[in-house]
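Peer 1: I would like to see how this sequence folds:
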Amino acid sequence: MIEPTTDKMLWMYEQMLIIREFEETMVNIYLEGKLPPEIQEGLAFDIGSGPVPGEMHLAAGQEPVAVGTCAHLKKDDTITGTHRPHHFAIAKGVSINALAAEIFGKVTGLGRGKGGHMHLFDVENKFGCSGIIGAGMPQACGAALAAKKKGKDWVTVTFFGEGAANQGSFHESLNLAALWNLPVIFICEDNSYAISVTKDESTAIANNADRAAGYGMPGVSVDNNDALEVFSVVGEAVSRARAGEGPSLIECKTDRYLGHFQGDAEAYRPEGEVEKLRENDPIDLLRDHLVASDAMSDDNEKEIKDRASATVKAAYEFARASDYPDTSEVAQHVFV
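Peer 2: Below you'll find the model as predicted:
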């Protein structure tokens with residue numbers, strides 16, 4: 001079992017705090033201007049209003065998959081993410097200020113305000129994501145092939161939900177990665193729901209990791225929403241990939257505390273489900289481990305929490321204070 005150093009565990013803990021506060025702060029920011037001052041019959045939620053128009057998919061509860069993976073990655077390694085991408089971006093080292101600004105549609109954002117929260121792209125940190133289900137997997141194979149052709153030990157990690165494991169792109173990508181022995185790691189975030197459809201209603205097998213056998217690669221399930229367990233399993237896959245031993249498939253059980261999108265009525269959830277999930281919060285789990293192993297004191301914890309809060313606050317202040325792109329840029333930096 002691969003175990004993280006104390007410094008790495010403290011890094012993971014702080015990143016999880018940053019991600020959680022970033023996402024939960026966005027819950028309220030996103031609602032600004034979208035609800036009428038007084039809820040009256042015939043007045044509806046206005047998705048196009050407020051400082052953050054459009055859909056919003058948040059990852060509170062899913063932090064372990066991001067930090068347990070990114071703790072192994074270098075700047076030259078590539079990530080392709082999903083429509084729920086903030087936790088991956090933050091853990092990979094993408095500027096949280098530029099991330100927030102992009103969500104607000106500001107010129108200081110990662111895509112100069114033109115991509116929005118589902119289409120983030122950062123060349124410097126080799127991070128990208130897409131709102132199209134399953135779209136990141138073929139791209140990950142391309143990045144992994146490029147690393148192999150260059151003779152580099154770079155790896156690529158592609159994240160996707162359990163619903164995307166039923167897409168053709170999933171099977172095509174696993175087949176190609178195995179055929180060409182590519183340094184790519186496929187990580188499925190199983191948060192129990194493909195939008196509102198449960199896994200047992202959409203998928204013929206209980207564990208998507210079992211599908212790896214059909215492509216001759218290792219497949220591992222991480223059954224607990226635990227950053228340390230993710231770290232151990234992903235560490236082995238990254239080591240294999242760097243050594244030229246090919247791809248791996250990992251399925252991580254994780255928990256989505258919020259709706260599929262903000263404004264989701266979540267009628268598909270059993271009553272009390274989220275409250276039950278929060279009783280085993282992964283941030284508390286890692287905190288308890290750090291305290292029990294004497295790796296973090298009360299003073300250390302307060303310092304880390306204060307620093308995480310200040311980081312998130314500064315990011316949102318930066319985003320609000322930034323300018324919108326000038327209208328003269330409308331046809332620049334886009335495919336036409």
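
Peer 1: what sits against the spatially closest residue to Asp323 that is not a sequence neighbour?
Peer 2: Take Asp323 and drop its neighbours on the chain: the residue closest to it by CB to CB, 6 or more residues apart in numbering is Val107, 5.3 Å away. From N, CA and C alone the C-beta is placed, and that goes for glycine too. The contact partners of Val107, taken as CB atoms under 8 Å, 6 or more residues apart in numbering, are Ala101, Gly113, Ser322, Asp323, Tyr324, Pro325, Asp326, Glu329.

Peer 1: the stretch 51-200 of the chain: strands as residue ranges?
Peer 2: Ranges of strands within the stretch 51-200 of the chain are 78-81, 121-122, 127-129, 156-161, 184-190, 193-194, 197-198, based on DSSP state E, counting those that start in this stretch.

Peer 1: could you export those strands as CSV, including mean neighbour count and distance to Pro270?
Peer 2: Converted to CSV, those look like this (neighbours: other CB atoms under 10 Å; distance: least, CB to CB, whole Å):
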stretch, mean neighbour count, distance to Pro270
strand 78-81, 26, 29
strand 121-122, 18, 37
strand 127-129, 24, 30
strand 156-161, 27, 20
strand 184-190, 28, 17
strand 193-194, 20, 12
strand 197-198, 13, 10
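
Peer 1: if I look at Lys34, how far off is His57?
Peer 2: Plainly put, Lys34 is 15 Å away from His57 if you go by CB to CB, to the nearest Å.

Peer 1: quick one on the thing from earlier: which one of the strands of the stretch 51-200 of the chain lies nearest to His260?
Peer 2: In terms of CB to CB, the element of these nearest to His260 is strand 193-194, at 6.7 Å.

Peer 1: name the residues that touch the closest one?
Peer 2: Applying CB under 8 Å, 6+ apart, the set of residues contacting strand 193-194 is Gly161, Glu162, Gly163, Ala164, Lys199, Ser202, Arg256, His260, Tyr268.

Peer 1: thinking again about what came up before, let me see the confidence value for the residue nearest to Asp323.
Peer 2: As predicted, Val107 sits at a pLDDT of 96.

Peer 1: quick one: secondary structure of Gly33?
Peer 2: coil (DSSP: H, G, I helix; E, B strand; the rest coil).

Peer 1: how about the contacts made by the spatially closest residue to it that is not a sequence neighbour?
Peer 2: In space, and not counting its chain neighbours, Gly33 is closest to Gly50: 3.2 Å by CB to CB, 6+ apart. Contacts for Gly50 were tallied using CB under 8 Å, 6+ apart; they are Tyr30, Leu31, Glu32, Gly33, Lys34.

Peer 1: and of those, the nearest to Ser169?
Peer 2: Comparing the contacts of Gly50 against Ser169 with CB to CB places Tyr30 closest, at 29.1 Å.

Peer 1: gap between the closest one and Lys313?
Peer 2: Here Tyr30 is placed at a distance of 17 Å from Lys313 (CB to CB).

Peer 1: rewinding a little: which residue in the contacts of Gly50 has the weakest pLDDT?
Peer 2: The lowest pLDDT within those belongs to Lys34, which sits at 85.

Peer 1: now for that one, how many residues are close by?
Peer 2: Number of residues near Lys34 (other CB atoms under 10 Å) recorded here: 18.

Peer 1: also Ala331?
Peer 2: Ala331: 7 neighbours (other CB under 10 Å).

Peer 1: how about Lys114?
Peer 2: 17.

Peer 1: so, low pLDDT: which residues of this structure?
Peer 2: In the predicted model, the chain carries pLDDT under 70 at residues 36-44, 336.

Peer 1: returning to what we had before: so which of the strands of the stretch 51-200 of the chain comes closest to Gly216?
Peer 2: For the strands of the stretch 51-200 of the chain, the distance to Gly216 is smallest for strand 184-190, at 13.5 Å, taking CB to CB.

Peer 1: give me the residues contacting that closest one.
Peer 2: Against strand 184-190 from outside (CB under 8 Å, 6+ apart): 62, 65, 69, 82, 137, 140-141, 143-144, 155-162, 164-165, 170, 173-174, 177, 199, 208-209, 234, 237-238, 241, 247-254.

Peer 1: picking that back up, widest-spaced pair of the contacts of strand 193-194?
Peer 2: Ala164 and Tyr268 (18.4 Å).

Peer 1: in terms of neighbours, single out the busier of those two.
Peer 2: Ala164 (23 against 14).
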